[in-house]
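*Asks:* What would the 3D arrangement of this be:
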Amino acid sequence: MLKNQVNRRGFLEKTAVRATAASLAATSAASASAASYSRIAGANDRIQIGFLGCGARSHGHQRMVQMSAQEKNLGVVAVCDLWTGNREKTAARCKELFGTEVKKFQYSEEMLRLPELDAVMIATGDFQHARLLAEVVGAGKDCYCEKPLSTSVEEAKLARKAVLAARQVVQMGSQWVSEPVQRKVRDIVLSGKLGQITKIEQVWNDNGPRWHDPKDPDVAAIREADTDWNRWLLGHPYEPFDPWKYFEFRIFREYSGGITSQWLSHGIGLVHFYTNTAIPDSMVAHGGIFGWPDIRQNPDTFQSLAVYNDARLLYSYTSNYANQFGDYTCIRGKDGTLFAHGGEGSPRWFYIPEHLHLPGGFDFHAGLKEAVSAGKAEMITTEEYGMKLPPVSLSDDSKYHMDNWVDCMRSRNPNTNGHIHTGFWHSIGSIMATRSYREGRKLYWDRSREEIVEHPPA
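*Replies:* Numbering: from 1, shown residues only. Predicted structure coming up:
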């Protein structure tokens, strides 16, 4: 009976996207506001976008819109940020990029009242995403929301519920799931070519005081009177205004998990994407502040292990911010291996059949190149790369991901490449890793109750 219950829960979780997509597709026209739907339903109608949160990541959003604007008929009508400095700088940048004057707002509810606004791109603090996403879709606007969806289970559920009730078209900012080679890797994995997959490893590194700049010009420029600190806290316990936390929230434990919220959320999202899994059954993590003992509270060196019971899969994630040697992703199957040279988002993938002895000794990459030339291993590439060797890194500003969101907005298809369920799944995984590191213990996901628990659920 227990095995049947587990299998049934797994089946329901795996089919949630398909069922939700069918339901949303059937009712989305009726649920969208009449004004919004009439503007964006046609292929020739301009989609008007607003930027919510206008810091560094929003610059990437603006670049994404710029790359797609002419082909996809996009416009920009508004910017919104609590800080005067960000609002003014971003309005000027939009004038430069798009040749248009935009309306400027301090508060999101003011921008969301704009009748001409169709869609919003959120690039605020990690802990603010979920509640703002719920607000945006509740106002009848489509939304592109940066990852992580949430840093708390409760707010992840809040956002998911709001999106499914509002039936707006949502894209999570996990852009690699739209990248052509990553999609081909997924196809290979799901084809069974690798045989049974028992382990996926990601080692993504950096060498520098990630997310902390002792000479941060924004920290020097901001004054509390020029923003709304209480609003920025967004329900978190009050503490005195701190410009370091305001701009460098990623390194402070109250507002982000750091590596877990930023990088692991991408990594575990790709694991779910490659393997059709959703949320690990258990997670254990360790690490510390070893390389950069500055003002940060979140680790600069981190490792986690997660298990997916039904898939019989171990997921290993590692980041080190004091050494950047040897970035890779490896998907290990009984019949073959997929190996990516490079860190997060690298499209330089190879397929190596099991039991193939790679020549080259310690020069692994030379041996791999020789094996590919001899037809014993396979370089994974696509027409987008001219069927040639892809690079080891790409810009975060993905036109593929942007175009997918826009196309889904036009067709009113809620099943984007980064739909709301993917955001919920990566959030729970990253939250489990954050808590495991901080609490020093192994944690479990109770699928029936949707709760993180301390012991394996019955």
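
*Asks:* Tell me where the model's unsure across this structure.
*Replies:* Of all residues in the chain, those with pLDDT under 70 make up the ranges 1-44, 360-362.

*Asks:* Kindly list the longest helix within it.
*Replies:* helix 420-439 (DSSP state H).

*Asks:* How far off centre is that one?
*Replies:* Mean C-alpha position of helix 420-439 versus that of the full chain (C-alpha atoms, centre = their mean, to the nearest Å) differs by 12 Å.

*Asks:* Would you mind listing the buried residues in the helix or strand following it?
*Replies:* Where DSSP states H and E defines the elements, the next helix or strand beyond helix 420-439 is strand 443-446. Buried positions in strand 443-446, judged by neighbour count with 16 or more other C-beta atoms under 10 Å: Leu443, Tyr444, Trp445. Any C-beta I mention is one placed from the backbone N, CA and C, and that applies to glycine too.

*Asks:* The last one contacts Asp281, correct?
*Replies:* Yep, that's Trp445 we're talking about. Yes: if you go by C-beta atoms under 8 Å, Trp445 and Asp281 touch, sitting 5.8 Å apart.

*Asks:* so how far is stretch 392-406 from its chain's centroid?
*Replies:* In terms of C-alpha atoms, centre = their mean, the centre of stretch 392-406 is found 12 Å from the chain centre.

*Asks:* Please spell out which residues along it are buried.
*Replies:* Of the residues in stretch 392-406, those buried under the neighbour-count criterion (16+ other C-beta under 10 Å) are Leu394, Asp396, Asp397, Ser398, Lys399, Tyr400, His401, Met402, Asp403, Asn404, Trp405, Val406.

*Asks:* Now it - C-alpha only, PDB.
*Replies:* Below are the C-alpha coordinates for stretch 392-406, written out as PDB (Å, rounded to 0.1, in the frame of the first residue of the first chain):
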ATOM      1  CA  VAL A 392      31.800  27.200 -22.500                       C
ATOM      2  CA  SER A 393      29.700  30.200 -21.300                       C
ATOM      3  CA  LEU A 394      26.800  32.300 -22.400                       C
ATOM      4  CA  SER A 395      25.200  35.600 -21.300                       C
ATOM      5  CA  ASP A 396      22.400  35.400 -18.800                       C
ATOM      6  CA  ASP A 397      20.400  37.600 -21.100                       C
ATOM      7  CA  SER A 398      18.700  34.900 -23.200                       C
ATOM      8  CA  LYS A 399      16.700  35.800 -26.300                       C
ATOM      9  CA  TYR A 400      15.500  32.200 -26.500                       C
ATOM     10  CA  HIS A 401      13.900  32.500 -23.100                       C
ATOM     11  CA  MET A 402      12.500  35.900 -23.700                       C
ATOM     12  CA  ASP A 403      11.000  34.800 -27.100                       C
ATOM     13  CA  ASN A 404       9.400  31.700 -25.500                       C
ATOM     14  CA  TRP A 405       7.600  33.900 -22.900                       C
ATOM     15  CA  VAL A 406       6.400  36.400 -25.600                       C
END
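
*Asks:* Output stretch 163-173 as PDB - backbone C-alpha positions only.
*Replies:* Output in PDB follows, covering the C-alpha atoms of stretch 163-173 (Å, rounded to 0.1, in the frame of the first residue of the first chain):
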ATOM      1  CA  VAL A 163      -0.600  32.300 -10.600                       C
ATOM      2  CA  LEU A 164      -2.900  29.300 -11.000                       C
ATOM      3  CA  ALA A 165      -5.900  31.300  -9.800                       C
ATOM      4  CA  ALA A 166      -5.100  34.300 -12.000                       C
ATOM      5  CA  ARG A 167      -4.000  32.200 -15.000                       C
ATOM      6  CA  GLN A 168      -1.600  34.700 -16.300                       C
ATOM      7  CA  VAL A 169       1.400  33.700 -18.400                       C
ATOM      8  CA  VAL A 170       4.500  33.400 -16.200                       C
ATOM      9  CA  GLN A 171       8.100  32.700 -17.000                       C
ATOM     10  CA  MET A 172      10.700  32.000 -14.300                       C
ATOM     11  CA  GLY A 173      14.100  33.500 -15.000                       C
END
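
*Asks:* Make 14 the starting number, not 1.
*Replies:* Taking 14 as the first residue, the last one we looked at is stretch 176-186.

*Asks:* domain ranges for this protein?
*Replies:* In terms of domains, the chain is parsed into 15-188+412-433, 191-226+266-405+445-452 (source: automatic domain parsing).

*Asks:* now the ones you listed as a markdown table including distance to His249?
*Replies:* As requested, the domains of the chain are arranged in a markdown table below (distance: least, C-beta to C-beta, whole Å):
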| stretch | distance to His249 |
| --- | --- |
| domain 15-188+412-433 | 7 |
| domain 191-226+266-405+445-452 | 6 |
